[in-house]
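Asks: show me the folded form of this:
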Amino acid sequence: MAVVLAASPMALSVSQYQELARATDRTVGRGAGSLDFPLLGLFGEIGSLLSELKKKQRDTVSYFGYEESVVEELGDVLWYFSSLATRAGISLSEMSLQIHRESARGGRPRRQPRDIMFAALQPALKATGPGAQDAFEATLMRLAGEAGKLVADFSAGRIKRNSDLLSTHMSSIFRALIDAANEAHVSLAAAAHRNLEKTFDRWPEKRTYPALFDADDDPAEQIPRGIEMQIFEKAVNNQTYVFLRCNGINIGDRLTDNKLEKDDYRFHDVFHLANAAILGWSPVLRALFRVKRKSRPKLDEAEDGARAILIEEGISTWVFNHATRLNDFEQLKSLDLGLLKAVRELVSGYEAERCPLWLWEEAILRGYDVFRQLRKHRGGTIVADLTKRTITFKKMTK
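Replies: Numbering: from 1, shown residues only. Next comes the predicted model:
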């Protein structure tokens, strides 16, 4: 299915959302076609929504991310709810139309549409951010209670014996979800739209590499499209360092782990090479190769300057600490969504913010593929091809 996401959240219908959400359910067809996965996810996301409210109550003024978090968590709840409905063969559009008819004044409308916009389910919405906290809290408790009833009936086998019971539970959950969105002053259309943007940013139907950031710049100010760098260890005065050599010339500083407990972080420049090869972004390599965009002073100062370099180094260190606990990501084919979102938050306001989450994941995983080879062989030649978006390892010839 070709993915076409409306530019405006208000143009998103319930049936369109259910179909687009279905396309992003990556567990269907892999032995996970039952209701267990979306049901557990729905219950868990409602719990996350309650957790956001708890943090707001506990931290009050200091919790600045509350409004954004509520919108995101409502979108996640909606995704699992939609996934559950799809697997159960339930039309969210029909359910929504029924709820709309019941809440509309004057009884049934004359025309019976086959679909409905999310916006029609919240006709009196005051979109001013999360509102009356007490009412919102009470409705969230009701939402959690309705989900709990569904989980209890499912685990007891009553859903299998009575198919109508699932529809009844889901209608109650959907009503509570709409009420919670109203009381939080959050548009379900906006939450659904943002959820799809996030999901396709992470798991697109087709992966198309964006243009390199410096594609239109003077070639003398571009990151080299082909880089072949030797990264190797060498003892100097009884201290082992890692050196970088490109075209027979040593570049950068000789490195140690800069840590009492040795962890081979001295090889970390491979991550900058991966960033350059896959993302087309590396302020660190721009500085090493002296290809900062001097002809564009604003870019030179902001995108290629010291702060951008520190941010890239910080990402490298932060991800490394995470990877150390996961065997350097060996045998992993995907990364935690929270990690990827945190990385992009670190580059907020910089050109690398435009890199989709799937591209960050690829850069990190490919970088660690090569890092593990460097550790094993205590050095090697790294080939980064920015045109092909690849990074590979070769053993060094002595």
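
Asks: separation between the residue in the chain sticking out farthest from the centre and residue 117?
Replies: In the chain, the residue that sits farthest from the middle, by CA atoms, centre = their mean, is residue 237; the gap is 45.9 Å. Using CB to CB, to the nearest Å, residue 237 is found at 72 Å from residue 117. All C-beta spots, glycine's among them, are computed from the backbone N, C-alpha and C.

Asks: ok, residues contacting the helix or strand containing residue 200?
Replies: Here residue 200, judged by DSSP states H and E, is contained in helix 188-202. With contacts defined as CB atoms under 8 Å, 6 or more residues apart in numbering, helix 188-202 is touched by 3, 5-6, 8-10, 12, 17, 20-21, 24, 71-72, 74-76, 78-79, 117-119, 121-122, 127, 177-178, 181, 337, 340, 356-358, 361.

Asks: these two touch, right, residue 264 and residue 257?
Replies: Yes - applying CB atoms under 8 Å as the test, residue 264 and residue 257 come out as touching, 6.6 Å apart.

Asks: quick one: buried ones out of the contacts of helix 188-202?
Replies: Neighbour-count burial (16 or more other CB atoms under 10 Å) applied to the contacts of helix 188-202 gives 9, 12, 17, 20-21, 24, 71-72, 74-76, 78-79, 117-119, 121-122, 177-178, 181, 340, 356-358, 361.

Asks: take these and keep only those in helices.
Replies: Using DSSP state H, 17, 20-21, 71-72, 74-76, 78-79, 177-178, 181, 340, 357-358, 361 are the members of the buried ones among the contacts of helix 188-202 that sit in helices.

Asks: can you map out the strands along this structure?
Replies: Under the criterion DSSP state E, strands of the chain are mapped to 226-236, 239-246, 249-255, 379-385, 390-394.

Asks: weakest of the ones you listed in terms of mean pLDDT?
Replies: For the strands of the chain, mean pLDDT drops lowest on strand 249-255, to a mean of 85.

Asks: what strands line up against it, and which way round?
Replies: Applying DSSP bridges, strand 249-255 is found paired with strand 239-246 (antiparallel).

Asks: in the strand it pairs with, what's buried?
Replies: Of all the residues in strand 239-246, those buried under the rule 16+ other CB under 10 Å are 242, 243, 244, 245, 246.

Asks: same question for stretch 390-398.
Replies: By 16+ other CB under 10 Å, the buried positions in stretch 390-398 come out as 391, 392, 393.

Asks: again, but for stretch 186-199
Replies: 186-196, 198-199.

Asks: likewise for stretch 280-293?
Replies: For stretch 280-293, by 16+ other CB under 10 Å, it's 280-289, 291-293.

Asks: need the contact partners of it.
Replies: Contacts for stretch 280-293 (CB under 8 Å, 6+ apart): 210-214, 217, 220-224, 227, 244, 246, 251-252, 269, 272-273, 275-276, 299-300, 303-305, 308-309, 311-313, 351-352, 355, 386.

Asks: select only the buried ones of those residues in ChimeraX?
Replies: Only the buried members of the contacts of stretch 280-293 end up in this ChimeraX selection, burial being decided by 16+ other CB under 10 Å:
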select :212,213,214,217,221,222,223,227,244,246,252,269,272,273,275,276,299,303,304,308,309,311,312,351,352,355,386
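
Asks: nice, that's everything, thank you.
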